[in-house]
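**Q** 3D, please:
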Amino acid sequence: MEDKNWYRINDPNEVISPALLVYPARILHNIKKMIEMAGGTEHLRPHIKTHKTAEIIQMQLDSGIRKFKCATIAEAELLALSGVPDILLAMQPVGANMARFFKLMHKYPESDFSALVDNIETLKALSSMAKSNGPGVTKRQPRDIKATGRPAKSQRAVVSLWMDINCGMNRTGILPGKNAIALYREMDADPNVKAMGLHAYDGHIRNTNVTRRKKDCDRAFEAVMNLKSELEAGLASAGVESAGVESPGEESAGVESRLEIAKPESKASIGGIPVGGIPVGGIPVRGIVAGGSPTFPFHAKRDGVVASPGTTLLWDAGYGALFPDMEFLPAAVLLTRIISKPAKDTICLDLGHKHIAPEMPFPRVQFLNLENGVQKGQSEEHLVLECKNAEDYAVGDILYALPVHICPTVAKYERLQVVSEGKIIDSWEVAARKSRITV
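**A** The predicted structure follows:
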């Protein structure tokens, strides 16, 4: 049975509050659970946006994970500094970040970098930058003509890109349909681009009922799989209408329809692509990266799909309440102190907007050692609670709490305090909380 006081520090008097505590034994449990759910590390690409920390990256590397996902250039650089071989920047580079992305590739040639694209203008800009950056970036591996039915492209400098798909969240990505087919064909044909496959994030799917959540996930993902099938079969080339989701009035981007459709001839494969399995005119979709933490259990079981959970590393009270079907442990705890008791049944903590994610309604934390506390107000430095048994607590008392949203909470702390067996044994820098490391 789990110790109910697992979160407590034996001697917290020297700990500056508020502090964010992390528990490596629990993080390791969560890493092992991710690997177990994914059936190994091959189809797992964890996101580091939650923790942004080199030591937690290293724990995953030690567990055999080699592919990672991130949201910022700083996070990508932290992954490279940690020796990660395969890094996906899951944010379409724009503005100054385009040049920074190429600088990363030059500075860390031992890591393979890729990014997202969802429109032809950005694709052209990245292609142009790849061409001007020369052969020091990376090299395209020539395709086997037997696998594709087309001649291999010559080796040259390329940028690796995934097409970002809008599968219902309406935050980023291109809708599955004719425009998406046209964009991917442009990616595949561009000598400066390596088309890596499809990326689909479904963060809008959060039904707490696991059966309904799976149904919602499958429904949203169906359009992604239809798009993959159409690309590989060359249906657009044959003038067949897309079975994916299109916005009203979406027009064809002028995909040509003169290429022949050929049937597969064998199940042998070269480089993971079935020999004879891609018709003439079809485009091989090398992979699919899908989902976040809420849909991780479903994508983790799909053949040929790499799942990318993030919050699973540290977990939080929000996801713990929404998704009780997942067996992840909260591994990050806030330590805060009572700084005042300004009125009857009222206590005030040193846990303001600067120290915890404030973007959602109350409650913003779940207290582990406080009963009957109702969160009423928060400002930059203070969190005010209505507490019917306030007389049981004194100014200076320590409270422990789980954040409702851990990801932006971590970014508010320069260092994480590392706890093992009731003692603070180390502190870890949240190295990628800043917008720039060196690049």
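
**Q** residue ranges of the helices in the stretch 201-350 of the chain, please?
**A** 210-233, 296-299, 317-322 (DSSP state H, counting those that start in this stretch).

**Q** Of these, flag the one that's most buried.
**A** Per residue and on average, the most neighbours among the helices of the stretch 201-350 of the chain fall to helix 296-299, with a mean of 23 (mean count of other C-beta atoms under 10 Å). Quick note: C-beta positions are derived from backbone N, CA and C, even for glycine.

**Q** Output the contacting helices and strands for it.
**A** helix 24-38, helix 210-233, strand 305-307 (3 or more C-beta pairs under 8 Å, 6 or more residues apart in numbering; DSSP states H and E).

**Q** make it 6 Å
**A** strand 305-307 (3 or more C-beta pairs under 6 Å, 6 or more residues apart in numbering; DSSP states H and E).

**Q** rewinding a little: put together CSV for the helices of the stretch 201-350 of the chain, with mean pLDDT and distance to Leu21 on each row.
**A** Compiled in CSV, these are given as follows (pLDDT from 0 to 100; distance: least, C-beta to C-beta, whole Å):
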stretch, mean pLDDT, distance to Leu21
helix 210-233, 97, 30
helix 296-299, 98, 25
helix 317-322, 97, 14
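
**Q** So for Gly282, which of those sits nearest?
**A** With C-beta to C-beta as the criterion, Gly282 lies closest to helix 210-233 of the helices of the stretch 201-350 of the chain, at 4.7 Å.

**Q** Only alpha carbons, please: show the closest one as CSV.
**A** Only the C-alpha atoms of helix 210-233 are listed here, as CSV (Å, rounded to 0.1, in the frame of the first residue of the first chain):
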residue,chain,number,x,y,z
VAL,A,210,-12.6,6.0,-21.4
THR,A,211,-15.0,4.3,-23.8
ARG,A,212,-16.3,7.6,-25.2
ARG,A,213,-12.9,9.1,-25.3
LYS,A,214,-11.6,6.2,-27.4
LYS,A,215,-14.6,6.6,-29.7
ASP,A,216,-13.9,10.3,-30.1
CYS,A,217,-10.2,9.6,-30.7
ASP,A,218,-10.9,6.9,-33.3
ARG,A,219,-13.4,9.2,-35.1
ALA,A,220,-10.9,12.1,-35.3
PHE,A,221,-8.1,9.8,-36.4
GLU,A,222,-10.0,8.1,-39.1
ALA,A,223,-9.5,11.2,-41.4
VAL,A,224,-5.8,11.0,-40.8
MET,A,225,-5.7,7.4,-41.8
ASN,A,226,-7.8,8.0,-44.8
LEU,A,227,-5.4,10.8,-45.9
LYS,A,228,-2.5,8.4,-45.5
SER,A,229,-4.2,5.8,-47.6
GLU,A,230,-5.1,8.3,-50.3
LEU,A,231,-1.5,9.6,-50.5
GLU,A,232,0.0,6.1,-50.7
ALA,A,233,-2.6,4.9,-53.2
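
**Q** packing partners for it?
**A** Under the contact rule (3+ C-beta pairs under 6 Å, 6+ apart), helix 210-233 is packed against no helix or strand.

**Q** Do you know the pLDDT at the most centrally placed residue in the chain?
**A** Centroid check for the chain by C-alpha atoms, centre = their mean gives His47 as the closest residue, at 3.7 Å. Looking at His47, its pLDDT reads 98.

**Q** Arg337 is nearest to which of the helices of the stretch 201-350 of the chain?
**A** helix 317-322 (19.7 Å).

**Q** and the closest one, what other elements does it pack with?
**A** Short answer (3+ C-beta pairs under 6 Å, 6+ apart): helix 317-322 packs on no helix or strand.

**Q** same thing but 10 Å
**A** strand 365-367, strand 398-403, helix 406-410 (3 or more C-beta pairs under 10 Å, 6 or more residues apart in numbering; DSSP states H and E).

**Q** what lines up beside the first one in the sheet?
**A** What that stands for is strand 365-367. strand 398-403 (antiparallel) (DSSP bridges).

**Q** what bits of the stretch 201-350 of the chain have low per-residue confidence?
**A** Within the stretch 201-350 of the chain, the segments meeting pLDDT under 70 span 235-280.

**Q** Could you rerun that using 90?
**A** 234-281 (pLDDT under 90).

**Q** Now the residue lying farthest from the centre of the chain: phi and psi?
**A** The centre of the chain is farthest from one residue, Lys344, which by C-alpha atoms, centre = their mean lies 44.6 Å away. The phi and psi torsions at Lys344 (degrees, to the nearest 10) take the values phi -60, psi 140.

**Q** if I read this right, it contacts Asn389, doesn't it?
**A** No - the pair Lys344 and Asn389 does not pass the contact test of C-beta atoms under 10 Å, sitting 11.6 Å apart.
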